[in-house]
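Enquirer: What follows is a predicted structure for the sequence shown.
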Amino acid sequence: MPFSWPEECNYEDGTMEEEHRELIGLVQDLEEGLRAGLAQAELLARMDRAYAVLRTHLEAEESALRAAGYPGLGAHRAQHNDMTRALLEFRANVQAGTAQITESVLDYLCQWFQTHMKHEDRAAAEYLRALSAAR
Ligand SMILES: [Fe+2]
Ligand SMILES: [Fe+2]
């Protein structure tokens, strides 16, 4: 499904938004690979690249929120952890040949990011912005 960047995902925090755009770009690379008929092993390599960027992003986001004393950090981290755990489990299944990277998996991934970026990350970006404006 073609992804169009939602208005609610435009924050004034440049770094967080840039990283989100990069991540969505990597999921789109996966969709392109799928449409081009790449083998699951090649798709898995693209998924691993996206996963590495995702981990770095989540860690940076969490450490910025921790440093800022963000009160919603626990719940926010729980969402990150649930997603990374699900991705790792899915990855293991793809490698074992019991699951496949399909369009509906990628749609689900995109949907998750979109919801998280629109709500949890947006609230976090607003908190960081308010804090830096108050300093
Ligand atoms: Fe987040
Ligand atoms: Fe994020």
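Expert: Great, that's in hand. Ligands and ions are numbered 1, 2, ... in the order given.
Enquirer: Spit out the contact partners of the closest residue to residue 9 other than its chain neighbours.
Expert: In space, and not counting its chain neighbours, residue 9 is closest to residue 117: 4.6 Å by C-beta to C-beta, 6 or more residues apart in numbering. Glycine gets a C-beta too; all of them are placed from N, C-alpha and C. With contacts defined as C-beta atoms under 8 Å, 6 or more residues apart in numbering, residue 117 is in contact with 6, 8, 9, 20.
Enquirer: What's the separation between residue 117 and residue 38?
Expert: Distance, residue 117 to residue 38, using C-beta to C-beta, to the nearest Å: 27 Å.
Enquirer: ok, now residue 23?
Expert: Where residue 38 is concerned, residue 23 sits at a distance of 20 Å (C-beta to C-beta).
Enquirer: The two: which is more packed in?
Expert: Shown here are residue 23 and residue 38; by other C-beta atoms under 10 Å, residue 23 has more neighbours (20 against 16).
Enquirer: ok, now how distant is that one from residue 71?
Expert: 25 Å.
Enquirer: same thing with residue 83?
Expert: For residue 83, the distance to residue 71 equals 21 Å [C-beta to C-beta].
Enquirer: Repeat that for residue 8.
Expert: Distance, residue 8 to residue 71, using C-beta to C-beta: 21 Å.
Enquirer: circling back to that earlier point, over to the residue nearest to residue 9. Which of the three states is it?
Expert: Classification of residue 117 using DSSP: H, G, I helix; E, B strand; the rest coil returns helix.
Enquirer: Identify the residue nearest whichever residue of the chain sits closest to ligand 2 in space, chain neighbours excluded?
Expert: Shortest the chain-to-ligand 2 distance, computed as C-beta to the ion: residue-wise this is residue 121, at 4.2 Å. In space, and not counting its chain neighbours, residue 121 is closest to residue 16: 6.5 Å by C-beta to C-beta, 6+ apart.
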